[in-house]
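Trainee: Sequence plus predicted model, see below.
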Amino acid sequence: MPTVQMLILQASGSPQGQSPFGMLFMFAAIFAIFYFLLIRPQKQQQKAHAEMVAQLSKGDEVETIGGIVGKIVHLTDDRVTIRSAGDTRLEVERSKVGRKFTSGGSDT
């Protein structure tokens, strides 16, 4: 009389006639889905942000990642000084600038 363990092993065993290419194709399809839905859009966003940060110039109106809005009054290689309400000046890293506003009021 077969035991429960033997029945489970027989039921969970892989079919003998199945090709390993089916499993390989499945993994390739899953990777392609992750690439096109998650990885590629994230890289495009990072590239666009890096280009925007590289093109910052004095006088641009920007918003930081923290939500502070102001005009750029001084730039260095890795820092930006922003003039906010009145004469308040904040020095932040260039990478922390979230977006740049155009003169029409919409963002880029």
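Mentor: Yes, it's here. Numbers count the residues shown, from 1 in each chain.
Trainee: Mean confidence (pLDDT) on the helix or strand containing Phe34, please.
Mentor: Using DSSP states H and E, Phe34 maps to helix 20-34. For helix 20-34, mean pLDDT rounds to 92.
Trainee: Quick one: the helices in the protein, in order.
Mentor: 4-12, 20-34, 40-54 (DSSP state H).
Trainee: looking at those helices, which is buried most?
Mentor: helix 40-54 (a mean of 11; mean count of other CB atoms under 10 Å). For every residue, glycine as well, the C-beta is placed using N, CA and C.
Trainee: What mean pLDDT does that one get?
Mentor: On average, helix 40-54 scores 96.
Trainee: and it, what does it pack onto?
Mentor: strand 97-101 (3 or more CB pairs under 8 Å, 6 or more residues apart in numbering; DSSP states H and E).
Trainee: ok so, going back, how about the helices of the chain in TSV, adding distance to Thr64?
Mentor: What follows is the helices of the chain, written out as TSV (distance: least, CB to CB, whole Å):
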stretch	distance to Thr64
helix 4-12	55
helix 20-34	31
helix 40-54	12
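Trainee: sorry, back to before: tell me what angle the helix holding Phe34 forms with helix 40-54.
Mentor: For helix 20-34 against helix 40-54, the angle by axes from the mean of the first three to the mean of the last three CA atoms, to 10 degrees is 30 degrees.
Trainee: Would you mind pulling up the elements that helix 20-34 packs against?
Mentor: So helix 20-34, by 3+ CB pairs under 8 Å, 6+ apart, packs with no helix or strand.
Trainee: how far does it sit from the chain's center?
Mentor: Centroid separation between helix 20-34 and its chain, computed with CA atoms, centre = their mean, to the nearest Å, is 24 Å.
Trainee: Using CSV, write out the CA atom coordinates for that helix.
Mentor: C-alpha atoms of helix 20-34 as CSV (Å, rounded to 0.1, in the frame of the first residue of the first chain):
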residue,chain,number,x,y,z
PRO,A,20,13.5,22.7,-20.6
PHE,A,21,13.0,25.5,-23.2
GLY,A,22,9.5,26.1,-22.0
MET,A,23,10.8,27.0,-18.6
LEU,A,24,13.5,29.2,-20.1
PHE,A,25,11.0,30.9,-22.3
MET,A,26,8.8,31.6,-19.2
PHE,A,27,11.7,33.2,-17.3
ALA,A,28,12.7,35.3,-20.4
ALA,A,29,9.1,36.5,-20.7
ILE,A,30,8.9,37.5,-17.0
PHE,A,31,12.2,39.4,-17.3
ALA,A,32,11.0,41.2,-20.4
ILE,A,33,7.8,42.2,-18.6
PHE,A,34,9.7,43.6,-15.7
